[in-house]
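>>> Fold the following, please.
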Amino acid sequence: MRDLPALLARIPDDLKPVVAIGIGASVLVFLVLLHGAGLHGILVFRARRERRLRVGRPHIVAALFLFGASVFLMLALHIAEFMIWAFVLIWMGLIAHTSDALYFCANAYTTLGYGNVDVGLHWRNIAPIMGISGLFTFAWTTSALVGVVTAHRQLIEQLVEEHEKEIPMRAALRRDELGARQSERNSERLEMEKAGTQSAGTPFFQRLGIWKNERKRSEELHKAESAKIDELRRKERDEEEKLGSAAPAQDPADRK
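Purely as a prediction, here's the structure:
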């Protein structure tokens, strides 16, 4: 179909408006199908990541980025669609320059107007169909976006609630850690005092042995307290991972 512009030029002028409607309708149907597939992919992408955010530690910033990514992908889908329109017009030879084609299609697709670029007297019926395709896809996107906004609000409410539960959990962990560190320091001080009492008036080499034993016991105390702190942190992580595990999915797309 490299000679498509020449083939279209041989069509009688009275039939060109009808052919324009036929070509435009075909592209419209294709773009609506493409838009549906694209929206489905975006909603599945968002639903899968939302399920991960609902379970475990609350990541509010990640939820905000997920919402922003969903909106951006919807915008990118519309941009791709009017770029397809521009490709069709260039392929048909109706507009020579890519920048003019993109400008014309963006204006017609969003129903803003034609600007100072036109496709010609006999092919101008394509422009209204282009606007209709924009109306169809924008309406579809709006309905999907309402669901995304509702699910995002519910997700943020859940994460904020979980974050409020997480704060006292972390505060309790810090208190337990401080208590364990203080207990370790007290035990080391007692061991040092005990070693000092035992080494008083003893020969040098015997004092050296007492000091070595004291350092060994201090290292054992340090390892024991470190293991205790690690266990406290593990329990705290387990409690945080349980946050939201019983929360039901709010978005119907989660069940896909």
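
>>> mind showing which ranges of the stretch 1-150 of the chain have poor pLDDT?
Applying pLDDT under 70 to the stretch 1-150 of the chain flags residues 1-2, 114.

>>> how about the helices in it?
Counting by DSSP state H, counting those that start in this stretch, the stretch 1-150 of the chain has helices at residues 4-9, 16-54, 60-92, 98-109, 126-199.

>>> So which bits of the second one are buried?
By 16 or more other C-beta atoms under 10 Å, the buried positions in helix 16-54 come out as 16, 19-20, 23-24, 27-28, 31-32, 35, 38-39, 42-43, 46-47, 49-50, 53-54. (Glycine included, C-beta is placed from N, CA and C.)

>>> cool, the fourth one as well?
The neighbour-count check on helix 98-109 (16+ other C-beta under 10 Å) flags 100-109 as buried.

>>> Phi, psi for residue 125 please.
Per-residue torsions, residue 125: phi -70, psi -20 (degrees, to the nearest 10).

>>> scratch that, residue 117
As for residue 117, its main-chain torsions (degrees, to the nearest 10) stand at phi -120, psi 140.

>>> and the nearest residue to it once chain neighbours are set aside, how far is that from residue 115?
Sequence neighbours aside, residue 104 is the residue nearest to residue 117 in space, at 4.2 Å (criterion: C-beta to C-beta, 6 or more residues apart in numbering). Distance, residue 104 to residue 115, using C-beta to C-beta, to the nearest Å: 7 Å.

>>> cool, residue 121 as well?
Counting by C-beta to C-beta - residue 121 and residue 115 are separated by 17 Å.

>>> Comparing these two, which shows the higher neighbour count?
More crowded of residue 121 and residue 115, by other C-beta atoms under 10 Å: residue 115, with 12 against 9.
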